[in-house]
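In: here are the coordinates; sequence isn't available:
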């Protein structure tokens, strides 16, 4: 299991990355972070996982983003990360930001889902055991739970910080300004700061612009964008149709072939032409577009190959978006609606 050779990170790794402060905190996040959502379950060879993690860190990516139910199966990404932690990362723990989440279904019965104190604290205890960690750097509530009082959920996050099981806490998929503001106020009342809100944000997914990003900037809450490439649609992968090895064909749980409509393909092709004029790939342009917002501290990238990480890194040297570019992008995106 694993490649065998002892891992020695590149000495110039921090020269490769740019870092942004997360909200008003003292914590710096890499502008690109590695999400372990899709490619760290049991269907991905351990050697492949190891290469992805090593390539990321060798290029200054210090933030690894997990959740309790990432896999497949549920828990597998954390368990596999625990293996890599023991093998490669235990001597570099203080150089890493490791995050996990709870809020979606994880185990059967009434206590394995949503936002109760019972679930969140039990889930984090399980996550720590799977990852062979004493604490995580960031623990997120993964989604709002309308059936649990927000006071209870924020009390759970408070207890988690004060018990030393997480250094910081965040929320994820909170898009309503009132939810964000109330969560921040409840935590602050308990003597804990809300570090970050993790939101779905890309050229094709802009709900976060309906007040969430403005609230986060005003309150000094950092932003992490997930799915900035819209599950691979904002790359050159689908320009000529549906490749057999694409996510839409291999694992249609989150991106179905029917989602890639002719209208979407037309927009992708037009955006790709603009990217060529900017002398970058569509993926690089899409990442740079997400990071153009001062509210976003880091964009989460997924990767199945190390080459994808290296290509995405070049987004950090992207040319600025001139007014003409922004206008073209808006015209493409708004044609026929998103």
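Out: Structure received. Predicted, not measured: the structure shown is a model, and the values here were computed from it. Numbering: from 1, shown residues only.

In: please, where are all the helices along this protein?
Out: 46-58, 76-84, 117-131, 150-162, 177-189, 212-219, 247-250, 262-277, 282-291, 306-313, 323-334 (DSSP state H).

In: by mean pLDDT, show me the worst of those helices.
Out: Lowest mean pLDDT within the helices of the chain: helix 247-250, a mean of 56.

In: residues contacting the residue lying closest to residue 23 once chain neighbours are set aside?
Out: Nearest in space to residue 23, with sequence neighbours left out and distances taken as Cβ to Cβ, 6 or more residues apart in numbering, is residue 222 at 3.6 Å. Yep, even glycine has a C-beta here, placed from its N, CA and C like the rest. By Cβ atoms under 8 Å, 6 or more residues apart in numbering, the residues touching residue 222 are 21-23, 25, 27, 29, 170, 195-197, 216, 297.

In: redo these as CSV? Include distance to residue 291.
Out: What follows is those, written out as CSV (distance: Cβ to Cβ, whole Å):
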residue, distance to residue 291
21, 14
22, 14
23, 15
25, 18
27, 17
29, 11
170, 18
195, 18
196, 15
197, 16
216, 15
297, 9
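
In: name the nearest of those residues relative to residue 239.
Out: Lowest distance from residue 239 to the contacts of residue 222 (Cβ to Cβ) belongs to residue 297, with 30.3 Å.

In: wait, doesn't the closest one sit right on residue 29?
Out: Yes: under the criterion of Cβ atoms under 8 Å, residue 297 makes contact with residue 29 at 4.7 Å.

In: so what sits against both of these two?
Out: Residues touching both residue 297 and residue 29 by Cβ under 8 Å, 6+ apart: 20-22, 222, 224.

In: for the residue nearest to residue 23, give the beta-bridge partners.
Out: With DSSP bridges as the criterion, residue 222 is bridged to residue 196.

In: now do it against residue 159, distance only.
Out: 22 Å (Cβ to Cβ, to the nearest Å).

In: go on, residue 66?
Out: 21 Å.

In: neighbour-wise, which of those two wins?
Out: Comparing residue 66 with residue 159 by other Cβ atoms under 10 Å, the one with more neighbours is residue 66, at 24 against 16.

In: was I right about that one contacting residue 79?
Out: No: assessed by Cβ under 8 Å, residue 66 is found out of contact with residue 79, at 10.3 Å.

In: anything in contact with each of those two?
Out: Residues within reach of residue 66 and of residue 79 at once, by Cβ under 8 Å, 6+ apart, are residue 131.

In: number of residues surrounding the closest residue to residue 270 other than its chain neighbours?
Out: Spatially, and ignoring its direct neighbours in sequence, residue 270 is nearest to residue 332 (4.7 Å; Cβ to Cβ, 6+ apart). By other Cβ under 10 Å, the residues close to residue 332 number 18.

In: so how far is residue 201 from residue 332?
Out: Taking Cβ to Cβ, one finds residue 332 at 17 Å from residue 201.

In: for residue 174, same thing?
Out: The gap separating residue 174 from residue 201 is 13 Å, by Cβ to Cβ.

In: my read: residue 287 touches residue 229, true?
Out: Yes: taking contacts as Cβ under 8 Å, residue 287 lies within contact range of residue 229: 7.1 Å.

In: circling back: which one of the contacts of residue 222 sits closest to residue 45?
Out: residue 29 (28.6 Å).

In: OK, contacts around the closest residue in space to residue 71 that isn't next to it in sequence?
Out: In this structure, residue 71 finds its nearest non-sequential neighbour in residue 41, 3.9 Å apart by Cβ to Cβ, 6+ apart. Residue 41 makes contacts with 70-73, 76-77, 80, as judged by Cβ under 8 Å, 6+ apart.

In: now do 6 Å
Out: Residues near residue 41 by Cβ atoms under 6 Å, 6 or more residues apart in numbering: 71-72, 76-77.

In: looking at the residues you listed, which has the most residues close by?
Out: Of all the contacts of residue 41, residue 77 has the most neighbours under the rule other Cβ under 10 Å, reaching 31 neighbours.

In: separation between that residue and residue 324?
Out: For residue 77, the distance to residue 324 - Cβ to Cβ - is 42 Å.

In: before we move on, what about residue 239?
Out: From residue 239 across to residue 324, the span is 23 Å (Cβ to Cβ).

In: with neighbour numbers in mind, choose between the two.
Out: Using other Cβ under 10 Å, the more surrounded residue of residue 239 and residue 324 is residue 239, with 12 against 9.

In: just give me the neighbour total for residue 30.
Out: By other Cβ under 10 Å, neighbour count at residue 30 equals 24.

In: ah, wrong one, I meant residue 307
Out: 10.

In: same check, this time on residue 301
Out: Residue 301 has 25 neighbours, counted by other Cβ under 10 Å.

In: does it touch residue 312 like I think?
Out: Yes: counting by Cβ atoms under 6 Å, residue 312 is a contact partner of residue 301 at 5.1 Å.

In: give me the buried subset of the shared contacts of residue 297 and residue 29.
Out: In these, burial by neighbour count holds for 20, 22, 222, 224, counting by 16 or more other Cβ atoms under 10 Å.

In: so which of those is the closest to residue 45?
Out: The closest of these to residue 45 turns out to be residue 224 (Cβ to Cβ; 27.5 Å).
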